[in-house]
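Trainee: the following block contains a protein sequence and its predicted model.
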Amino acid sequence: MPRTIAVFGAGYIGLVTAACLAELGHAVVVRDIQPDRVQRLQAGEVPIFEPGLAEMIARNTERLSFTLDAATALAAAEVAYVCVDTPPTVSGDADLSRVWSVVDSLRGAPALLAVVVKSTVPVGTGKRIRTVLNESGLEHVGYASNPEFTAEGRAVADFMTPDRIVIGGSDQDAIRLVADLHHGINAPIEIMDVASAEMTKLAANAALMTRISFINEIAALCELTGADVELVSKAIGLDHRIGSHFLQAGIGWGGSCFPKDSEALKQLASNTGYHPQLLNAAIEVNNLQKRRAIQTLKQALGSLEGTEIALLGMTFKPSTDDMRESPSTVLAARLLAEGARVRCWDPLAPQELPEPWSQTTRHPRALDALDGADAVILATAWPELRELPWHDAHDLMRRPVMFDGRNLLDPAKMRALGFTYMSVGRP
Ligand SMILES: NC(=O)C1=CN([C@@H]2O[C@H](COP(=O)(O)OP(=O)(O)OC[C@H]3O[C@@H](n4cnc5c(N)ncnc54)[C@H](O)[C@@H]3O)[C@@H](O)[C@H]2O)C=CC1
Ligand SMILES: O=C(O)[C@H]1O[C@H](OP(=O)(O)OP(=O)(O)OC[C@H]2O[C@@H](n3ccc(=O)[nH]c3=O)[C@H](O)[C@@H]2O)[C@H](O)[C@@H](O)[C@@H]1O
């Protein structure tokens with residue numbers, strides 16, 4: 001049955017959730033606190049890039065609207081979806097201030113049946129929200145946790161065809177309501193208590209990032225022993241007990257979630273007196289991975305002082321414009337600190353970026369960034385980089401030195417073109 005839904009937060013998750021719920025037939029009002037963002041959405045502009053999102057919003061305009069005003073969003077809403085950001089505080093714990101601000105705005109909502117939290121939150125948050133709802137005269141309103149597992153760059157597809165839908169709650173009506181909102185999606189629905197749903201989200205991300213750090217550690221051992229991590233990764237992934245996903249070695253994981261969620265889980269553990277050794281190791285391997293890349297380049301060039309380095313790929317992964325916690329940012333900062341000049345290229349990264357990017361030069365074409373460069377780092381696995389005319393690039397570069405941080409290119413071919421070619425965990 002179609003419902004009326006208020007979605008709080010018009011970011012990557014809020015917009016995808018709103019568009020997909022509208023696509024499933026529900027009427028959705030999205031509320032954000034950024035006037036510029038809301039105005040652009042009202043004018044039919046989509047402020048973030050996510051494949052298929054703009055098209056989905058465009059074909060559901062009758063069922064989708066955008067507002068700055070919480071009361072307008074809640075006027076007829078039967079469900080309030082919380083999709084606001086939960087960034088780290090200075091202590092590394094998740095900052096829940098935006099979640100509390102949404103919960104505060106729910107008082108007096110006339111038609112509300114359930115509050116659903118999709119934002120990633122520490123275990124125990126739902127229990128606290130339940131208490132606050134009860135104290136706000138909303139004891140009749142149900143509560144559910146419905147964590148999100150979509151990955152950026154494929155969020156719309158992931159939402160519509162998920163591996164599973166997780167619903168945490170103790171109120172059967174709220175659980176049924178959230179399950180019914182997903183009518184039309186063919187996926188197992190895992191129903192559990194709120195704390196387990198909150199932990200499922202953090203544990204899923206921790207499992208994925210631990211796998212990447214694991215293969216990056218194996219890559220380091222491959223470098224020391226002459227083995228090839230790409231062959232090893234493929235062969236171990238064929239074991240059905242291991243599986244092939246998230247075993248791609250490279251300069252490490254970044255993004256809006258793995259870094260902050262690993263830190264939040266670590267602090268959650270520390271706050272309960274537990275020392276999360278495996279998680280700490282996964283984080284440490286990831287931090288070292290980016291520094292190892294700079295070390296490798298430094299050894300190849302002798303010194304980075306005064307060199308011109310082309311940094312190709314700025315976003316934390318391909319098919320997104322998201323720069324949050326991108327490994328490229330650490331590479332750019334380290335290169336600048338070593339005295340190098342950095343010229344960068346990316347097809348989707350925003351033009352306006354915080355430090356250290358203003359100290360770099362941005363080129364619209366990868367070949368322009370390579371012209372006269374002493375070395376190139378491939379930092380994001382953009383498919384265009386595979387197609388680049390590397391023969392021409394070789395001739396344009398002052399010194400044809402390459403660090404392929406995503407193992408995108410064929411070492412033998414690049415060496416045959418005359419490159420001093422280095423990658424992650426391959427001879
Ligand atoms: N980005 C992703 O791929 C995924 C994100 N998540 C989780 O989803 C949550 C949201 O993440 P993103 O969408 O990436 O964040 P985002 O930063 O892109 O979007 C958050 C939006 O919420 C708005 N906002 C802040 N306070 C508000 C309020 N009181 N009322 C209405 N809107 C408000 C902000 O202005 C912003 O537009 C986070 O907890 C994140 O961990 C979970 C799975 C995947
Ligand atoms: O909680 C979240 O926000 C989301 O975090 C990740 O999604 P996302 O960060 O969008 O992107 P991923 O595809 O997971 O990549 C994360 C990082 O790991 C790196 N990565 C990924 C896979 C791999 O094999 N190797 C590797 O280095 C990527 O380059 C990227 O920097 C999870 O995949 C989603 O399930 C989750 O919902």
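Mentor: That came through fine. Numbers count the residues shown, from 1 in each chain. Ligands and ions are numbered 1, 2, ... in the order given.
Trainee: get me the contact residues on the stretch 201-350 of the chain for ligand 2.
Mentor: Residues of the stretch 201-350 of the chain found near ligand 2 (C-beta under 6 Å from any ligand atom) are 205, 208, 212, 246-248, 250, 253-258, 316-317. Where you see a C-beta, it was placed from the backbone N, CA and C, and this is true even at glycine.
Trainee: tally up the residues packed near residue 87, please.
Mentor: Residue 87 has 13 neighbouring residues, counting by other C-beta atoms under 10 Å.
Trainee: show me which positions of the longest helix anywhere in the chain end up buried.
Mentor: What stands out as the longest helix in the chain, according to DSSP state H, is helix 194-225. The neighbour-count check on helix 194-225 (16 or more other C-beta atoms under 10 Å) flags 194, 197-202, 204-206, 208-220, 222-223 as buried.
Trainee: quick one: contacts for residue 226?
Mentor: residue 427 (C-beta atoms under 8 Å, 6 or more residues apart in numbering).
Trainee: against residue 232, how distant is it?
Mentor: Distance of residue 226 to residue 232, given as C-beta to C-beta, to the nearest Å: 12 Å.
Trainee: how about residue 70?
Mentor: 53 Å.
Trainee: please apply the same query to residue 173.
Mentor: Look at residue 173 and residue 232: by C-beta to C-beta, they are 51 Å apart.
Trainee: neighbour-wise, which of the two wins?
Mentor: Set residue 173 next to residue 232 and count neighbours by other C-beta under 10 Å: residue 232 wins out with 19 against 12.
Trainee: so the more buried one: helix, strand or coil?
Mentor: The assignment at residue 232 comes out as helix when based on DSSP: H, G, I helix; E, B strand; the rest coil.
Trainee: ok, it - contacts?
Mentor: When contacts are counted by C-beta under 8 Å, 6+ apart, residue 232 touches 218, 222.
Trainee: before we move on, what about residue 425?
Mentor: 216, 218, 219, 220, 222, 223, 227, 228, 229, 230, 249, 407.
Trainee: assumed it was part of a helix.
Mentor: No: under three-state DSSP, residue 425 falls outside any helix and is assigned coil.
Trainee: report the contact partners of the closest residue to it other than its chain neighbours.
Mentor: Spatial nearest neighbour of residue 425, chain neighbours left out: residue 219 (2.6 Å); criterion: C-beta to C-beta, 6 or more residues apart in numbering. By C-beta under 8 Å, 6+ apart, the contact set of residue 219 is 229, 249, 424, 425.
Trainee: how close does the third one get to residue 187?
Mentor: Spelled out, that is residue 424. Counting by C-beta to C-beta - residue 424 and residue 187 are separated by 34 Å.
Trainee: of the residues of the stretch 201-350 of the chain next to ligand 2, list those near ligand 1.
Mentor: 256, 257.
Trainee: the helices in the stretch 251-400 of the chain, which residues?
Mentor: Remark: helices assigned in the stretch 251-400 of the chain by DSSP state H, counting those that start in this stretch are 258-271, 277-301, 327-337, 366-370, 383-387, 390-396.
Trainee: give me the contact list for the second one.
Mentor: The set of residues external to helix 277-301 that reach it, using C-beta under 8 Å, 6+ apart, is 206, 209-210, 212-214, 216-217, 220, 250-253, 262-263, 265-266, 269, 304, 307, 309, 327, 330-331, 334-335, 338, 374-375, 377, 399, 401, 403, 405, 420, 422, 424.
Trainee: and what of the last one?
Mentor: Applying C-beta under 8 Å, 6+ apart, the contact partners of helix 390-396 are 366-367, 370-373, 376, 400, 409, 413-414, 417-419.
Trainee: what residues does the stretch 51-200 of the chain have near ligand 2?
Mentor: So far as C-beta under 6 Å from any ligand atom goes, the stretch 51-200 of the chain lies against ligand 2 at 120, 148, 149, 150, 151, 152.
Trainee: out of the residues you listed, who's nearest residue 163?
Mentor: Closest approach between those and residue 163, by C-beta to C-beta: residue 149, at 7.1 Å.
Trainee: which strand or helix spans the closest one?
Mentor: Here residue 149 is covered by no helix or strand, with elements defined by DSSP states H and E.
Trainee: ok, back up a step: could the contacts of residue 425 be laid out in CSV, adding distance to ligand 1?
Mentor: Listed next are the contacts of residue 425 as CSV, based on distance: C-beta to the nearest ligand atom, whole Å:
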residue, distance to ligand 1
216, 22
218, 27
219, 26
220, 28
222, 31
223, 31
227, 34
228, 32
229, 27
230, 27
249, 22
407, 24
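Trainee: want to throw these into CSV with pLDDT?
Mentor: Formatted as CSV, these follow (pLDDT from 0 to 100):
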residue, pLDDT
216, 98
218, 98
219, 98
220, 97
222, 98
223, 96
227, 98
228, 98
229, 98
230, 98
249, 98
407, 98
